[in-house]
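**Student:** build me a structure from this.
(one chain, ligands or ions: 1)
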Amino acid sequence: MSTLKNVLCNYFCSKVESMRNSIINNIDKNLKDGKSSSKKDNIKDYYSLVVKEELSDNFILNDYMEKVHDIDEEENDNEDEKEDILEEMQEDRKGDIQEDKMEKESILRGLNNIGATCYMNATLQCLSNSEDLTNYFLKKYPNEPNFDKNKISYEYYKVVQNLWDKNNNNKPYSPNDFKEKISEENPLFAGIAANDSKDLIIFLLERLHKELNANKNVNIINNNINNQALQLDKNIMLNIFINEFKEQNNSIISDLFYGVLGITNKCTKCNHTKYNFQVYNYVEFYLEKINQYYFSIGKRNNFMFNNKNPDIDLYECFNYLNVFELMNGENQIFCNICNSLCDSYYNSYLFSSPNYLIINLNRGRGAVYECKVNFPEILDLYNFIEYKSSRLQFELYAVICHIGESSMEGHFVAYCKNRLDKKWYLYNDAFVNLCENPCEYQKGMAYILFYKIIQ
Ligand SMILES: [Zn+2]
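**Tutor:** Numbers count the residues shown, from 1 in each chain. Now for the predicted structure:
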């Protein structure tokens, strides 16, 4: 029982469903127009045409079906036993779910694919299972002074409202208005071109913050102090930065998703260290670069000896943040003390963490860098964050997986811990199915991880 196979089966089921609908519509139309004398012939011809088109569109997925087959054969020996146990467990869980539904009225609503929108659907499901954000939209947003029917935040609110509407009998929802609105505001999302979930998350967080920001009209008297940065020490720089940021930014998004990133630059000539700060709402790890680094310091033995890239541990990614990079040549940075461009050692580190931490496992644009990333369900960042306000443990609640050989093609699905019943589900466009915790098996396809701080 390969999970990838389940994903693809569901994907094809959704395709067949949409084919069926378009066939029925077309037949009805032709019958109305008097074009068809025989309903039976019409069904046959039209069906074979649609299937041909669909198959040519999905050659990547066909390719994957073959690969899945290979994997299955390799694993078959010990897989049968596992399969039985898994099936038993799933049956048990199904029973549990029925009970939970009665008690907590869990809501599991898929999103229809409205033209290569799997990237959007996966993103919306993950964000909508971000508990505090959804509570805000369902309870507070309608009474906010920033409530405005012409804004993206309003369209997002409508999606959230529909996804958590218990009166819909878990029927899939079509986020047409949301798609239309983001297409209008950003040409990247217009049309039916395939897109990247990461681009949508970045755009959406920034836009929602801008629209919901209560402090956007605050006048800034002097924000040039960062540039004067002569001999100011780190704490002074930090205080200035945080005060300025708070004066200008106040939204549910900045409350939940923004942390402070520290940046240091040490001049190689005069040894002066310059401190800077900026906010971040996601952390990006370049997996290929990280593997190369660990290879260069002798921590990767099997690298290049077989055709597989070595696995990466998520903690190794956080460790890599502490590595200093030499900025020379074109990348030289201006030193205030030497009063010229100088070579320097640069690093950025997590100064403080947001309550909701989004991690992008960057596998490159174009050809996907395939490697497994081991990510824990409970992530302990105590050693990786400078400002320790609490235990700094995070709980995984959503994962976006990407299936396909290139970042701009293929299929996106989301695994989310449902905010009501706290169980893991696979959200594959219109389909929502109970599943195991993705930490256990989705190491090779995980693309974006969503963690929430444990209070
Ligand atoms: Zn210098």
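
**Student:** so, low pLDDT: which residues of the stretch 251-400 of the chain?
**Tutor:** Residues of the stretch 251-400 of the chain that meet the criterion pLDDT under 70 lie in 302-306.

**Student:** give me every residue in it lying close to the ion.
**Tutor:** Proximity of the stretch 251-400 of the chain to the ion, by Cβ under 5 Å from the ion, involves residues 267, 269-270, 335, 337-338, 342. Glycine gets a C-beta too; all of them are placed from N, C-alpha and C.

**Student:** so which of those belong to helices?
**Tutor:** Of these, none are assigned to helices by DSSP state H.

**Student:** dump these to JSON lines, plus distance to residue 197 and neighbour count.
**Tutor:** Shown next, in JSON lines, are those (distance: Cβ to Cβ, whole Å; neighbours: other Cβ atoms under 10 Å):
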{"residue": "267", "distance to residue 197": "39", "neighbour count": "20"}
{"residue": "269", "distance to residue 197": "43", "neighbour count": "12"}
{"residue": "270", "distance to residue 197": "44", "neighbour count": "13"}
{"residue": "335", "distance to residue 197": "39", "neighbour count": "20"}
{"residue": "337", "distance to residue 197": "43", "neighbour count": "14"}
{"residue": "338", "distance to residue 197": "43", "neighbour count": "13"}
{"residue": "342", "distance to residue 197": "39", "neighbour count": "20"}
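
**Student:** domain map for this structure?
**Tutor:** Per the record, the chain has its domains at 3-104, 108-353, by automatic domain parsing.

**Student:** avg pLDDT for the first one?
**Tutor:** Within the predicted structure, the mean pLDDT of domain 3-104 is 45.

**Student:** and for stretch 132-148?
**Tutor:** Here the average pLDDT along stretch 132-148 is 95.

**Student:** buried residues in it?
**Tutor:** With burial defined by 16 or more other Cβ atoms under 10 Å, the residues of stretch 132-148 counted as buried are 133-134, 136-138, 141, 144.

**Student:** got it, and stretch 310-323?
**Tutor:** For stretch 310-323, the neighbour count (16+ other Cβ under 10 Å) marks 310, 312, 314-318, 320 as buried.

**Student:** quick one: contacts of it?
**Tutor:** Stretch 310-323 is contacted by residues 285, 287, 290-291, 293-294, 300, 302-303, 347-350, 359, 361, 371-376, 379, 381, 384, 443, 449 when judged by Cβ atoms under 8 Å, 6 or more residues apart in numbering.

**Student:** how about that stretch as PDB, C-alpha atoms only?
**Tutor:** Extracted in PDB, the C-alpha atoms of stretch 310-323 (Å, rounded to 0.1, in the frame of the first residue of the first chain):
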ATOM      1  CA  PRO A 310      21.900  11.600   0.900                       C
ATOM      2  CA  ASP A 311      19.000  12.100   3.300                       C
ATOM      3  CA  ILE A 312      19.000  15.400   5.300                       C
ATOM      4  CA  ASP A 313      17.800  15.800   8.800                       C
ATOM      5  CA  LEU A 314      15.800  19.000   9.400                       C
ATOM      6  CA  TYR A 315      18.000  19.900  12.400                       C
ATOM      7  CA  GLU A 316      21.000  19.800  10.000                       C
ATOM      8  CA  CYS A 317      19.200  22.500   8.000                       C
ATOM      9  CA  PHE A 318      18.900  24.700  11.100                       C
ATOM     10  CA  ASN A 319      22.500  24.000  12.000                       C
ATOM     11  CA  TYR A 320      23.500  25.200   8.500                       C
ATOM     12  CA  LEU A 321      22.000  28.600   9.300                       C
ATOM     13  CA  ASN A 322      24.900  29.200  11.600                       C
ATOM     14  CA  VAL A 323      27.500  28.700   8.900                       C
END
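
**Student:** ok so, going back, from the buried residues of stretch 132-148, which land in helices?
**Tutor:** Among these, the members falling in helices (DSSP H) are 133-134.

**Student:** figure out how far the longest strand along the chain is from the centre of its chain.
**Tutor:** When the chain is parsed with DSSP state E, its longest strand is strand 393-403. Put simply, strand 393-403 sits 8 Å off its chain's centre (Cα atoms, centre = their mean, to the nearest Å).

**Student:** partner strands of it, parallel or antiparallel?
**Tutor:** Strand 393-403 has the following strand partners under DSSP bridges: strand 378-380 (antiparallel), strand 411-417 (antiparallel), strand 446-453 (antiparallel).

**Student:** can you pull out the strands in the stretch 151-300 of the chain?
**Tutor:** Using DSSP state E, counting those that start in this stretch, the strands found in the stretch 151-300 of the chain span residues 259-267, 273-280, 283-286.

**Student:** in JSON lines, list those along with distance to residue 328.
**Tutor:** Listed next are the strands of the stretch 151-300 of the chain as JSON lines, based on distance: least, Cβ to Cβ, whole Å:
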{"stretch": "strand 259-267", "distance to residue 328": "12"}
{"stretch": "strand 273-280", "distance to residue 328": "16"}
{"stretch": "strand 283-286", "distance to residue 328": "20"}
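
**Student:** so which of these gets nearest residue 122?
**Tutor:** strand 283-286 (17.7 Å; Cβ to Cβ).

**Student:** keep only those of the buried residues of stretch 310-323 that are in helices.
**Tutor:** Counting by DSSP H, the buried residues of stretch 310-323 place 314-318, 320 in helices.

**Student:** closest to residue 418 out of these?
**Tutor:** For these, the minimum distance to residue 418 (Cβ to Cβ) is 23.1 Å, reached by residue 314.

**Student:** mind giving me the PyMOL command for buried ones among the contacts of stretch 310-323?
**Tutor:** Typed into PyMOL, the line below selects the buried ones among the contacts of stretch 310-323, using 16+ other Cβ under 10 Å:
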select buried, resi 285+287+290+291+293+294+300+348+350+359+361+371+372+373+375+379+381+384+443+449
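
**Student:** could you pull out the strands in the stretch 351-455 of the chain for me?
**Tutor:** In the stretch 351-455 of the chain, strands defined by DSSP E, counting those that start in this stretch lie at 356-362, 373-374, 378-380, 393-403, 411-417, 424-428, 431-434, 446-453, listed in chain order.
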